[in-house]
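J.: Test case, fold it:
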Amino acid sequence: QVQLVESGGGSVQTGGSLTLSCAAAGGISSLAMGWFRQAPGKEREFVAAIAWTGASTEYAPSVQGRFKITRDNYKSTMSLQMNSLKPEDTAVYLCAADRTYYGEVQSAYDYWGQGTQVTVSS
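T.: The predicted model follows:
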């Protein structure tokens with residue numbers, strides 16, 4: 001069983017930066033991982049994903065060029081560096097992991113964290 005815990009959320013102004021972390025108990029070396037987010041009143045959406053080797057990444061068009069997903073398999077952590085934040089980035093950010101799937105389909109992920117709140121004010 002894999003347990004995921006997010007941290008690093010907070011409140012920033014437009015144009016600011018935050019780095020989210022996802023710590024995994026149980027190891028992540030063979031897991032593909034991803035970040036999703038859910039804003040109030042909206043459906044959960046894909047943000048970014050990273051293959052278990054770290055060699056491949058995917059991003060939602062809305063965050064491409066502003067966010068960067070990385071992982072450290074030795075430390076069992078994954079991070080999401082978020083730059084040039086906008087009010088529309090405000091959401092609860094959740095990390096997810098799966099043993100076989102890498103990509104943007106949230107229903108394919110088996111393991112989920114509880115989420116961390118990111119608030120961007122104008």
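J.: Which residue, other than its chain neighbours, is closest to the spatially most central residue of the chain?
T.: The chain has Trp35 as the residue nearest its centroid, 2.4 Å off, counting by CA atoms, centre = their mean. If the residues on either side of it in the chain are set aside, Trp35 comes closest to Val47, at 4.2 Å by CB to CB, 6 or more residues apart in numbering. Backbone N, C-alpha and C define where each C-beta goes, glycine included.
J.: cool, and Thr14?
T.: Spatially, and ignoring its direct neighbours in sequence, Thr14 is nearest to Ser122 (5.2 Å; CB to CB, 6+ apart).
J.: In contact with that neighbour: list those residues for me.
T.: Shown in contact with Ser122 (CB atoms under 8 Å, 6 or more residues apart in numbering): 13-14, 87.
J.: Return the subset of these lying in strands.
T.: Among these, the ones falling in strands (DSSP state E) are Gln13.
J.: Among the contacts of Ser122, which one has the most neighbours?
T.: Thr14 (13 neighbours; other CB atoms under 10 Å).
J.: Would you confirm that it contacts Thr90?
T.: No - because the distance of 10.4 Å does not satisfy CB atoms under 8 Å, Thr14 is recorded as not touching Thr90.
J.: shared neighbours, those two?
T.: Contacts common to Thr14 and Thr90, judged by CB under 8 Å, 6+ apart, are Val120.
J.: Now name the helix or strand holding the residue nearest to the centre of the chain.
T.: Here Trp35 sits within strand 32-38, counting by DSSP states H and E.
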